[in-house]
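J.: Model the following, please.
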Amino acid sequence: MVCSCVPAAVQLLWMGYFPCAPLGPTLAVSLQLLSLVRQLFMRMPPNTSAWCESFEAYLAGMGYKVDTKEGIHRRFGNAYHWYCILEISLDEHIQQQLQKSISPPSDIPLADASSSHYSPDSDVFSSKMRPSQYLQQRCPLCFGGHNWQSNNSQQSPSDVDAIVCIDACFTQKRRSGQPDDPVNPTATVFLSPEDIQAMECEVDGLQKSKNHGDEGDVFEEGMRITTSVLKGCNDSFTAADERHQKASTQFFSDTGVMALLCRHDRVIHLANMTSAGEKQHYALALIRSHFGHLPSNFRVGLLYDIGCQLEQSCRKWGFLKSFLPCISFAISVFHAFGHQWACQLIYHPHKREGFGLSDGEGCERFWSSIKGLIPSLRVSGYHQRLFVIDFQVHHLDMKSLNGLGQWLLRHWNHCQEKKASASKGLRRCGVDIPTLQAEWDAQIAAQTKPTPRHTSKSVENIVLQVMETQKSLEIYEAKLVVLEQDLLHGVPDMINLNIQITECHKKVMNFKQALQRQRSTLGLNGPADLARIQNSSYLQLCMHALAIKKQQRLQYHTEASVKRREPGIVKLASSYNNLCLQMVGLIHKGKAPQGSIAPLLIPRDSLFKLDVDDDIWQDVGLGDDADGVLPAWLADDKVRSGIRSLLELRRCEEEERHLLKEKQALVLWFSEQWACMQRAMEDADDDLAYELNCRLSKLAGLCLMWQKQLSDFPGAAYENWGLSNEDLHSMVQVPHLMCVDADDGERLDGFESEGEGEDDTVLDDELLYVAEEFALADEYHQHNDMSLAELSWGDEMDSDLLDMDPPSSPSKRACR
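T.: From the prediction side, this is the model:
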């Protein structure tokens, strides 16, 4: 029986139960149970069907039976879904109230935080002087604080203000034919379909309006690598081929997701993909939306698997024209080995200025964290799929927020280790820094220069082809002589002999024609080079070794070939090393050109552990200067080692500047959030004041956690967070303390710890901690006179503070 003056749903909520429908509910679920399921489904693939079946079986074992034919699945699913929406809507309402209390410095206007997306008709920056409130909430380290423009005198002009990465995932698909589902009334990190479609139309219009002919191997405007290098990178990656089908649009309505994350692996924007291939307009839409929240002088470092191709398209077709001066493109570390060596010199983040030690693989870690959603989202509705991914992103945000201090400290320590190693390497090489810098500039100029205009292939390759064709011609001519002699002497099978002679004549003619065509492409110096090589056994070995090495590097561009072609790669390495040893023997015998240097061998034990600076990328003794004086950056081991140490040292110095700036942004973000909540408390009613108190308690707990995590960070002892530790301790509410692994929340940044692969154990532990938290909350309600001094405040402080639901309000407890 319910009172007719108040809806049944409201009365159930007063009693601590959530109804399955707003009118005439037939099932109500405990709010505590829904909170537990919410925590459960944030840490494992959401599956209400399996949960309801298990719950019904549990009730049946206790003698209770659900009397409806369809069970509780549909009704429980409705109650859980709208409970989650209510929780999210509450957070959004509180955030809107806080926005009204923001009081930034008078000279720093804020952005309109009502929308997470920015869709201008043209590429125009926003007029604000700081990142928007949306970005500040997405990542306090990248966009928090009002002094993002550091006045650090050590800051380099090439430094960027924030680093983001982009990548696409085609495993997060949704099948066609799924029923329509209602729109969720909550904010989302996904771009709207209208924004994506507008960018697609703009891209199609610009590509049709401009016609670019083939100008040979040249530097296009604004690019630092030639068109032949870009073509080689394009051929190495399917992501660069927009026509390559990665998902069938016949069977899937949504084919994947493209993400834009900051360097702390926090999601900034997502784009739902509906095309079969990785179209560029998705990445362009994400970049445009991101810059809509930034000031006009905010510089962004962008890491993308095919960053070189994206920059070329932007400069060639005029995409994002007004944003380009503020973007520094680079390629992610994991995919860098698939790019041409000249491209790696320019776009590798550990060689390009401004990126510090960022690897650009945050998206890969994000895909790994949501891979459990793949089966259930494959058959979900459109809006439900977006809602579940948004929900998981929110969980990962809260999890990451707890460990931001530890993230900063660990990366600082890692940076100091690499910096010490780089400084030691510089001292060991014995070459001064100006000389190393000059040699590095010379290396870039030499290894990125265009190939001769008369042909897209190098003269060395053509000469090698001529030699191979001529050798094949000699073999078939010798074979033809033997067959004609057999014809004169007579053989039993004359018919077969005549067939072999005819085929051999055809081969000889084909090779003669091919040889003539190849010699015609040698140019002016080609015939002289050919004659010089033919008269030198050493140069012939040099050409063959260079060909084998190029073939070997080409096979490394294919990721799957490392396993599939392992025997072939080992054989190539052995052949190459044998040729190198023969060249060493000719040098010792004095049969090599004067000044020749033997090429370096490829160690077999490190064949499949290549780094970006390994010797396989350098053609020592095999290049144009094989008969002359080689440059120091190629032939001098000390200079080569010094260049590597110099680049690593400068990346470490950049990383230090990034980390110090991010730590200051975190402190300023906390101070602003605390002041904002205090101002909001002044005019808040009882309900709003209760929610703000809960958030103040969480924020105080976060600050204490960050202070503990940053205790060994430079300058931490003198950092002013605005509140004393005593004040922060007094604000922390007991029910929010939950004992979890101190390393939890640190698994998304690429620095793995021991035993990190035991995912099942981690999940079980997290579920156990959630159950223990509810027991702790009940214990607190029974003994609410417990003093804070009786609590243990040690290593257990590291916890999912922001991820837990607040305790029930005083009015709800009174109703119970």
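
J.: show me where pLDDT drops low in the stretch 201-350 of the chain?
T.: Along the stretch 201-350 of the chain, segments meeting pLDDT under 70 span 210-216, 238-247.

J.: Revised request: answer the last question for the stretch 451-600 of the chain.
T.: For the stretch 451-600 of the chain, the stretches with pLDDT under 70 are 451-464, 518-572, 591, 593-597.

J.: which residues of the stretch 101-250 of the chain fall in strands?
T.: With DSSP state E, counting those that start in this stretch, the ranges of strands along the stretch 101-250 of the chain come out as 162-169, 174-175.

J.: for the record, mean pLDDT for the last one?
T.: What strand 174-175 shows for mean pLDDT is 92.

J.: I'd like to know how far Asn510 sits from Ala478.
T.: 16 Å (C-beta to C-beta, to the nearest Å). Every C-beta, even on glycine, is put in place using the N, C-alpha and C of the backbone.

J.: per-residue confidence for Asp627?
T.: For Asp627, the predicted pLDDT is 45.

J.: got it, and Ser132?
T.: In this prediction, Ser132 carries a pLDDT score of 91.

J.: Next: the one 3 residues further on.
T.: Per-residue confidence for Leu135 comes out at a pLDDT of 94.

J.: and it, how many neighbours?
T.: Per other C-beta atoms under 10 Å, the neighbour tally for Leu135 reads 23.

J.: distance of it from Ile389?
T.: 19 Å.

J.: what does Trp669 give?
T.: 25 Å.

J.: which one of the strands of the stretch 101-250 of the chain lies closest to Pro434?
T.: When those are compared by C-beta to C-beta, strand 162-169 sits nearest Pro434, at 28.6 Å.

J.: which one is Cys3 nearest to, not counting chain neighbours?
T.: Nearest residue to Cys3 in three dimensions, chain neighbours excluded: Gln11, at 6.6 Å (C-beta to C-beta, 6 or more residues apart in numbering).

J.: Which helix or strand contains the one you found?
T.: Using DSSP states H and E, the element containing Gln11 is helix 8-14.

J.: strand partners of the next helix or strand after that helix, parallel vs antiparallel please.
T.: Later in the chain than helix 8-14, the nearest helix or strand by DSSP H and E is strand 17-19. Looking at strand 17-19 with DSSP bridges, its partner strands are strand 28-30 (antiparallel).

J.: Burial check on Asn720, number of neighbours?
T.: 7.

J.: After the helix or strand harbouring Ala438, which helix or strand is next?
T.: Secondary structure assignment for Ala438, by DSSP H and E: helix 433-447. The C-terminal neighbour of helix 433-447 among helices and strands, as given by DSSP H and E, is helix 459-489.

J.: how far out from the middle of the chain is that next one?
T.: 52 Å (C-alpha atoms, centre = their mean, to the nearest Å).

J.: tell me what it is packed against?
T.: The contact analysis (3 or more C-beta pairs under 8 Å, 6 or more residues apart in numbering; DSSP states H and E) places helix 459-489 against helix 494-520, helix 526-534, helix 537-556.

J.: What's opposite the closest residue to Leu310 other than its chain neighbours in the beta bridge?
T.: Spatial nearest neighbour of Leu310, chain neighbours left out: Tyr304 (5.6 Å); criterion: C-beta to C-beta, 6+ apart. Using DSSP bridges, the bridge partners assigned to Tyr304 are Ile166.

J.: so which of the strands of the stretch 101-250 of the chain comes closest to Asp359?
T.: Within the strands of the stretch 101-250 of the chain, the stretch nearest Asp359 is strand 162-169; the backing value is 8.6 Å (C-beta to C-beta).

J.: Now stretch 85-100: buried residues?
T.: For stretch 85-100, burial by neighbour count (16 or more other C-beta atoms under 10 Å) applies to Glu87, Ile88, Ile94, Gln97, Leu98.

J.: Could you do stretch 658-677 as well?
T.: Result for stretch 658-677 [16+ other C-beta under 10 Å]: buried residues 658-674, 676-677.

J.: do the same with stretch 394-405
T.: His394, His395, Leu396, Asp397, Met398, Lys399, Ser400, Leu401, Asn402, Gly403, Leu404, Gly405.

J.: Surely the last one is in contact with Val667?
T.: No. Using C-beta atoms under 8 Å, Gly405 and Val667 do not qualify as a contacting pair, with a distance of 10.5 Å.

J.: I'd like to know which of the buried residues of stretch 394-405 are part of helices.
T.: If you go by DSSP state H, the buried residues of stretch 394-405 have His394, His395, Leu396, Asp397, Met398, Lys399, Ser400, Leu401, Asn402, Leu404, Gly405 in helices.

J.: Export these as CSV, with columns for distance to Ser711.
T.: Shown next, in CSV, are those (distance: C-beta to C-beta, whole Å):
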residue, distance to Ser711
His394, 29
His395, 27
Leu396, 26
Asp397, 24
Met398, 23
Lys399, 22
Ser400, 20
Leu401, 18
Asn402, 16
Leu404, 14
Gly405, 9
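
J.: Return the member of these nearest to Gly360.
T.: Nearest to Gly360 out of those is Ser400 (C-beta to C-beta; 17.5 Å).

J.: Mind pulling the model confidence for the closest one?
T.: Ser400 is given a pLDDT of 93.

J.: wait, isn't it in contact with Val267?
T.: No. If you go by C-beta under 8 Å, Ser400 and Val267 don't touch, sitting 9.6 Å apart.

J.: and Asn578, helix, strand or coil?
T.: helix (DSSP: H, G, I helix; E, B strand; the rest coil).

J.: quick one: Arg427 from Gln136, how far?
T.: To Gln136, Arg427 is 42 Å away according to C-beta to C-beta.

J.: Same check on Glu202?
T.: For Glu202 relative to Gln136 (C-beta to C-beta), the value is 29 Å.

J.: Between those two, which has more neighbouring residues?
T.: Of the pair Glu202 and Gln136, Gln136 is the one with more neighbours under other C-beta under 10 Å, namely 25 against 21.

J.: Give the full set of residues in contact with the more buried one.
T.: Phe143, Gly144, Trp669 (C-beta atoms under 8 Å, 6 or more residues apart in numbering).

J.: Poorly predicted segments of the stretch 601-750 of the chain, please.
T.: In the stretch 601-750 of the chain (pLDDT under 70), the answer is 604-629, 717, 733-750.

J.: what about Leu284, neighbour count?
T.: Leu284 is flanked by 24 other residues according to other C-beta under 10 Å.

J.: is it true that it lies in a strand?
T.: No. Counting by three-state DSSP, Leu284 is located in no strand; its state is helix.

J.: Go ahead and name everything in contact with stretch 175-184.
T.: 85, 250-253, 378-384, 386-387.

J.: Let's see that with 6 Å instead.
T.: Contacts with stretch 175-184, where a contact means C-beta atoms under 6 Å, 6 or more residues apart in numbering, come from Phe252, Ser253, Arg378, Val379, Gly381, His383, Gln384, Phe387.

J.: out of those, who has the most neighbours?
T.: Going by other C-beta under 10 Å, Phe387 tops the contacts of stretch 175-184 with 22 neighbours.

J.: Check the spacing between that one and Phe190 real quick.
T.: Separation of Phe387 from Phe190 (C-beta to C-beta): 10 Å.

J.: now swap in Met129 and tell me
T.: 28 Å.

J.: State the phi and psi torsions of Lys419.
T.: Dihedral angles of Lys419 (phi, psi; degrees, to the nearest 10) stand at phi -70, psi -40.

J.: can I assume it is in contact with Arg651?
T.: No. Counting by C-beta atoms under 6 Å, Lys419 does not reach Arg651; the two are 9.1 Å apart.

J.: Have a look at the two and say which one is more surrounded.
T.: Arg651 (24 against 19).

J.: Can you name the helix or strand that that one falls in?
T.: Assigned by DSSP H and E, Arg651 belongs to helix 637-682.

J.: Pull out the buried residues from stretch 33-48.
T.: 33-43, 46, 48.

J.: Which two among those residues are spaced furthest apart?
T.: Leu33 and Arg43 (16.2 Å).
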